[in-house]
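# Output the structure for:
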Amino acid sequence: MLVVRCFFVVALAFSSSAAETFTPGRTYFGRSNYIEYLAGDLPFVLSAPHGGREKPAELPDREKGTFAFDTNTQELARAIRDEFIARSGHYPHIIISRVQRRKLDCNREIVEAAAGHKLAEQSWNEYHAFIDAAQKSVVAKYGKGFFIDLHGHGHKDARLELGLGHNADVYAKPDAELNKPDIYEQSTLRLIARTGKISYTALLRGPTSFGALMEKQGFPATPSPGKPVPGTPYFNGGYTARRHSAVENFAGLQIESNSKGVRDTEANRKKFATALFNTLKTYLDAHLGLKLSDNGAGRSSQ
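Predicted coordinates for the structure are as follows:
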């Protein structure tokens, strides 16, 4: 694996031409290897902000915020990459924070995320700049793409929680109300909802919804046909999912994964990665006209 170390200035923003310098299959790092970008060439971008294990002394501990460690989400992200390469012959875009959340939280806005520390702010900017660059690369090649922000939860209800930008009580509204633009315009799936190909309620929990397809692969999820209204507690989608699903020509969601059966063992991480590939293969074709193929293709069908 070819590794390239990139050193960026604070508040870095990549231009379209800069995005083209990232070679699929190569690994790029920000300052001190705190942020890692595994460059891709598929219309799929995945980030993992809370699975970092590094505790650099130069970054002070944050005193305010949430500090929970999403166990094995970094490892799960790497398993997903391996599966996509094996199945498609191409590379997903993967962005990982390797730093412990107590030091840096890339799923919060910069004030809370870095607590005013300049080096932490630089890493935060690098993390989101890598995602921005990946998305620009996807749009340049395919016209549109899909983003997932990967997390882990410890709730009693052991199922995937799909964060789409709505609080749990929103899903309990009547279908006629859910289908209104003022509801789906708040969603991380607004790009798909705007096409009107299917109703928003069908997109949330119909047979071709993300939750339905993951359940078909053996991973209970919510919202889905199996559990159309999430219970509480429920993670509805944080800073990263909302920010990077609002990019033009991108849709996305946050996955809060349960541990047992998903993140806990190498074998289960492999099973989840396989299920995610199968789900996205169907989902991206049905809703975005994007093809993930077992014969080495990642292309737009439109």
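# burial measure for G154, as a count.
Look at G154: counted by other Cβ atoms under 10 Å, it has 12 neighbours. The C-beta positions use only the backbone N, C-alpha and C, and glycine is treated the same way.
# can you give me the strands in the stretch 101-250 of the chain?
Assigned by DSSP state E, counting those that start in this stretch, the stretch 101-250 of the chain shows strands spanning 145-152, 160-163, 221-222, 250-257.
# highest average neighbour count across those strands?
Highest mean neighbour count among those (mean count of other Cβ atoms under 10 Å): strand 145-152, with a mean of 26.
# Next, the angle from that strand to strand 250-257.
In terms of direction (axes from the mean of the first three to the mean of the last three Cα atoms, to 10 degrees), strand 145-152 departs from strand 250-257 by 20 degrees.
# just to revisit the earlier point, tabulate the strands of the stretch 101-250 of the chain (CSV), appending mean pLDDT and distance to Q122.
CSV is the format used below for the strands of the stretch 101-250 of the chain (pLDDT from 0 to 100; distance: least, Cβ to Cβ, whole Å):
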stretch, mean pLDDT, distance to Q122
strand 145-152, 98, 21
strand 160-163, 98, 27
strand 221-222, 98, 36
strand 250-257, 98, 25
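# Quick one: closest of the ones you listed to A79.
Among the strands of the stretch 101-250 of the chain, strand 145-152 comes nearest to A79, with 10.9 Å by Cβ to Cβ.
# Can you get me a residue count around A176?
As a burial measure, A176 scores 9 neighbours (other Cβ under 10 Å).
# Please pull out the lowest mean pLDDT helix or strand from this structure.
Lowest on mean pLDDT, DSSP states H and E among the helices and strands of the chain sits helix 16-19, with a mean of 40.
# The helix or strand following it: partners in the sheet, and parallel or antiparallel?
Counting by DSSP states H and E, the next helix or strand C-terminal to helix 16-19 is strand 27-29. If you go by DSSP bridges, strand 27-29 pairs up with strand 3-5 (parallel), strand 35-38 (antiparallel).
# what does the longest one contact?
Contacting residues not belonging to strand 35-38 are listed as 22, 26-30, 81, 91-99, 123, 126-127, 130, 133-134 [Cβ atoms under 8 Å, 6 or more residues apart in numbering].
# Just these: which are in helices?
Of the positions in the contacts of strand 35-38, R81, S123, E126, Y127, F130, A133, A134 sit in helices, assigned by DSSP state H.
# Settle this for me: the third one is touching S32, isn't it.
So the one you mean is E126. No - contact criterion Cβ atoms under 8 Å: E126 and S32 do not qualify, at 10.1 Å.
# Tell me which of the two has more neighbours.
Counted by other Cβ under 10 Å, E126 and S32 do not tie: E126 has more neighbours, with 27 against 17.
# Tell me which of the strands of the stretch 101-250 of the chain lies nearest to R190.
strand 250-257 (7.2 Å).
# What is the closest one packed up against?
helix 118-142, strand 145-152, strand 160-163, helix 190-193, helix 239-245, helix 266-288 (3 or more Cβ pairs under 8 Å, 6 or more residues apart in numbering; DSSP states H and E).
# Okay, now the sheet partners of it, with direction.
Here strand 250-257 is paired, per DSSP bridges, with strand 145-152 (parallel), strand 160-163 (antiparallel).
# Would you mind pulling the contact partners of it?
In contact with strand 250-257 (Cβ under 8 Å, 6+ apart) are residues 45, 73, 76, 135, 138-139, 144-153, 160-164, 188-192, 210, 235-238, 240-241, 244-245, 263, 272, 287-288.
# What separation is there between T23 and K141?
13 Å (Cβ to Cβ, to the nearest Å).
# hang on, the earlier thing: for the strands paired with strand 27-29, which has the smallest mean pLDDT value?
Ranked by mean pLDDT, those bottom out at strand 3-5, with a mean of 55.
# pretty sure T23 is touching Y91, no?
No - the pair T23 / Y91 is not scored as a contact, 9.8 Å apart, by Cβ under 8 Å.
# which one of those two has more residues nearby?
Comparing T23 with Y91 by other Cβ under 10 Å, the one with more neighbours is Y91, at 20 against 13.
# Not counting sequence-adjacent ones, nearest residue to that one?
Nearest non-adjacent residue to Y91, counting by Cβ to Cβ, 6 or more residues apart in numbering: G40, 3.9 Å away.
# Now do the contacts for the one you found.
G40 neighbours (Cβ under 8 Å, 6+ apart): P24, H90, Y91, P92, H93, I94, A134, S137.
# No more questions from me, cheers.
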